[in-house]
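J.: following is a predicted model, sequence given first.
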Amino acid sequence: MTRPPRPPRPLALTMGDPHGIGPEITVKACADPRRPAAAPLLVIGDPGALARACRTTGTRLQVRTVRTPAGAGRTPGVLDVLAEGPALPADLALGTVAAGAGAASYAYVRKGVELALAGDVRAIVTAPINKEALRLAGLPFPGHTEILAELSHTGRYAMMMANDELRIVLVTVHQSLRTAIDALTVARELDTVRLTHEALRSAGGAGRGPRIAVAGLNPHAGENGLFGREDLDVIAPAVRAARAEGIDASGPWPADTVFMRARAGEFDAVVAQYHDQGLIPVKYLGLEHGVNITLGLPFVRTSVDHGTAFDLAGTGTADHTSLLTALRHAAELAPHA
């Protein structure tokens with residue numbers, strides 16, 4: 001007897017910091033007809049906070065608590081929630097930084113990783129968390145990327161920020177500019193280029209290899225050592241090593257023009273040296289269109305391209321377009337089974 005096909009696994013959507021806009025954009029995205037129709041959703045979070053977010057935003061969804069991902073996300077008009085983390089008070093102090101909210105947001109991500117590693121969900125999509133709230137909860141992580149890497153025991157990883165016009169991968173992420181420069185090494189540079197190549201090859205399938213531009217660190221990519229030697233001594237050797245491995249990498253290119261060249265179609269991705277160098281071009285094109293993709297994890301993870309927006313929490317006005325974009329990317333990148 002032929003067995004019926006197994007229903008598709010859901011995408012896991014973590015609710016984010018309960019004091020921020022995470023619950024509101026979560027319910028808005030789940031109710032939006034533009035979200036990927038073929039990708040059922042399982043929300044990991046607090047059912048009470050999500051029910052209040054539905055009332056705040058005027059979203060017509062029934063919040064239903066489930067115990068497992070099996071069968072979740074396939075009933076129209078129903079928001080299936082896997083309750084996780086510490087119990088939250090009925091009167092959340094929206095718009096404030098709190099240890100309890102930080103602990104809760106971490107618990108949602110931890111459960112998502114557990115389900116992804118077990119193969120129970122197709123991918124993880126994350127609503128924003130707050131770094132200060134994490135620290136108050138005794139969780140010294142600078143962001144989602146580092147949490148996901150530690151929980152999945154991943155040593156090689158990188159952050160990609162993407163929209164329909166640019167893909168930017170960062171060599172260093174959440175650290176001061178001074179320490180970011182000190183952290184640049186040939187090995188780290190080369191590994192970031194490799195991760196970028198592997199991710200784009202996997203997403204693009206057959207055909208030519210991805211064209212990767214590496215941004216210089218100093219003005220004019222150092223002007224042949226006149227403005228600093230990092231481009232000559234660190235970035236250029238890494239590019240040469242990548243090319244020797246068959247990777248279509250080039251650079252270091254002056255950072256004041258390389259992003260425009262990539263946007264025009266000359267490159268498929270740009271490797272940027274530090275946080276603001278890479279994120280300003282992406283975010284300038286519109287926060288609502290950007291998505292954060294973590295490379296190197298044993299599962300697909302995407303996220304919004306913005307923070308908790310405490311000033312908007314509780315108003316019901318937060319834009320959920322970036323979360324929709326993150327859901328679309330997760331559905332495209334993750335296996336369908």
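T.: Right, received. Where do you want to start? Numbering: from 1, shown residues only.
J.: domain ranges for this protein?
T.: 1-156+297-337, 164-285 (automatic domain parsing).
J.: just put the ones you listed in a markdown table and tack on distance to V291 and mean neighbour count.
T.: All C-beta atoms are positioned from the backbone trio N, CA, C, and that covers glycine. Below are these laid out as a markdown table (distance: least, C-beta to C-beta, whole Å; neighbours: other C-beta atoms under 10 Å):
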| stretch | distance to V291 | mean neighbour count |
| --- | --- | --- |
| domain 1-156+297-337 | 5 | 20 |
| domain 164-285 | 9 | 18 |
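J.: ok, the residue nearest to T56 when sequence neighbours are not counted - contacts?
T.: Excluding the flanking residues, the one nearest T56 by C-beta to C-beta, 6 or more residues apart in numbering is G316, at 4.5 Å. By C-beta atoms under 8 Å, 6 or more residues apart in numbering, the contact list for G316 reads 24, 56-58.
J.: do V43 as well
T.: 13-15, 26, 30, 50, 79-82.
J.: just these now: which is nearest S176?
T.: T14 (27.7 Å; C-beta to C-beta).
J.: phi, psi for the closest one please.
T.: T14 adopts backbone torsions of phi -80, psi 140, taken as degrees, to the nearest 10.
J.: pretty sure it contacts L41?
T.: No: counting by C-beta atoms under 8 Å, T14 stays clear of L41, with 11.2 Å between them.
J.: reformat the domains of the chain as a markdown table; add mean pLDDT.
T.: Listed next are the domains of the chain as a markdown table, based on pLDDT from 0 to 100:
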| stretch | mean pLDDT |
| --- | --- |
| domain 1-156+297-337 | 92 |
| domain 164-285 | 93 |
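J.: tell me which stretches of this structure form strands.
T.: Shown for the chain, the strands assigned by DSSP state E span residues 11-14, 41-45, 62-66, 78-83, 123-126, 158-162, 167-170, 212-215, 249-253, 269-272, 291-295, 300-304.
J.: partners of the longest one in the sheet?
T.: Its sheet considered, strand 78-83 pairs with strand 41-45 (parallel), strand 62-66 (parallel) by DSSP bridges.
J.: hmm, who's touching that strand?
T.: 10, 27, 30-31, 41-47, 50, 54, 61-69, 72-73, 111.
J.: please apply the same query to the first one.
T.: The contact list for strand 11-14 (C-beta under 8 Å, 6+ apart) reads 26, 29-30, 39-45, 69, 73, 105, 108-109, 111-112, 115-116, 121-127, 327, 330-331, 334.
J.: list the strands paired with that strand, with their directions.
T.: Short version: by DSSP bridges, strand 11-14 pairs with strand 41-45 (parallel), strand 123-126 (parallel).
J.: what does the last one give?
T.: The strands beside strand 300-304 in its sheet (DSSP bridges) come out as strand 123-126 (parallel), strand 291-295 (antiparallel).
J.: contact partners for V27?
T.: V27 touches 50, 53-54, 57, 59, 61, 79, counting by C-beta under 8 Å, 6+ apart.
J.: can you pull the contacts of the residue lying closest to L200 once chain neighbours are set aside?
T.: The shortest distance from L200 to any non-neighbouring residue, by C-beta to C-beta, 6+ apart, is to P210 (3.7 Å). Residues counted as contacts of P210 (C-beta under 8 Å, 6+ apart) are 196-197, 200-201, 204, 248, 268-269.
J.: please flag which of these sit within helices.
T.: Using DSSP state H to define helices, the subset of the contacts of P210 located there is 196-197, 200-201, 204.
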